[in-house]
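Engineer: Pasting the sequence and the predicted coordinates here, then a few questions.
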Amino acid sequence: MLYFLLNMMIKILPIVGLILLIPMIAMQLTDEVNWSFFDFIIMGGMLTITGLLIGIILKKVNNSKNRLILIVTIVMIFFLIWAELAVGLFGTPFAGN
């Protein structure tokens, strides 16, 4: 299992880095994107965990219907947490409100 996770990390981390380049480049081009170092750390962690969970599901779950349901659920949870952290969609203390 450890070898599997290390192999997954080798595949996931470059993708996470490329995704994080988008807000970094946007910060250079406009003042509307204003991420701190902490924002990059949090989003990098969220993307890495989401990628690992999807990879584990793809490896361990054989039924395609269950696989699709689990992946959609994980992606929806990712987007809900992202929206809450970004704009305080639900107004919880989690977003700093």
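Structural biologist: That came through, no problem. Numbers count the residues shown, from 1 in each chain.
Engineer: show me where pLDDT drops low in the chain?
Structural biologist: Within the chain, the stretches with pLDDT under 70 are 95-97.
Engineer: Show me where this structure has its helices.
Structural biologist: 2-29, 37-60, 64-87 (DSSP state H).
Engineer: would you list those helices in a markdown table and tack on mean neighbour count and distance to Pro93?
Structural biologist: Glycine gets a C-beta too; all of them are placed from N, C-alpha and C. Formatted as a markdown table, the helices of the chain follow (neighbours: other CB atoms under 10 Å; distance: least, CB to CB, whole Å):
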| stretch | mean neighbour count | distance to Pro93 |
| --- | --- | --- |
| helix 2-29 | 12 | 24 |
| helix 37-60 | 15 | 16 |
| helix 64-87 | 13 | 10 |
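Engineer: Met8 contacts Ile54, correct?
Structural biologist: No - shown here, Met8 and Ile54 do not form a contact pair, counting by CB atoms under 8 Å, at 9.5 Å.
Engineer: Pull up the overlap in contacts between these two.
Structural biologist: Taking CB atoms under 8 Å, 6 or more residues apart in numbering as the criterion, Met8 and Ile54 do not both touch any residue.
Engineer: rewinding a little: do you know which of the helices of the chain lies nearest Phe94?
Structural biologist: Taking CB to CB as the measure, these were each checked against Phe94, and helix 64-87 came out nearest at 5.8 Å.
Engineer: how much does that closest one deviate in direction from helix 37-60?
Structural biologist: Orientation check (axes from the mean of the first three to the mean of the last three CA atoms, to 10 degrees): helix 64-87 against helix 37-60 gives 180 degrees.
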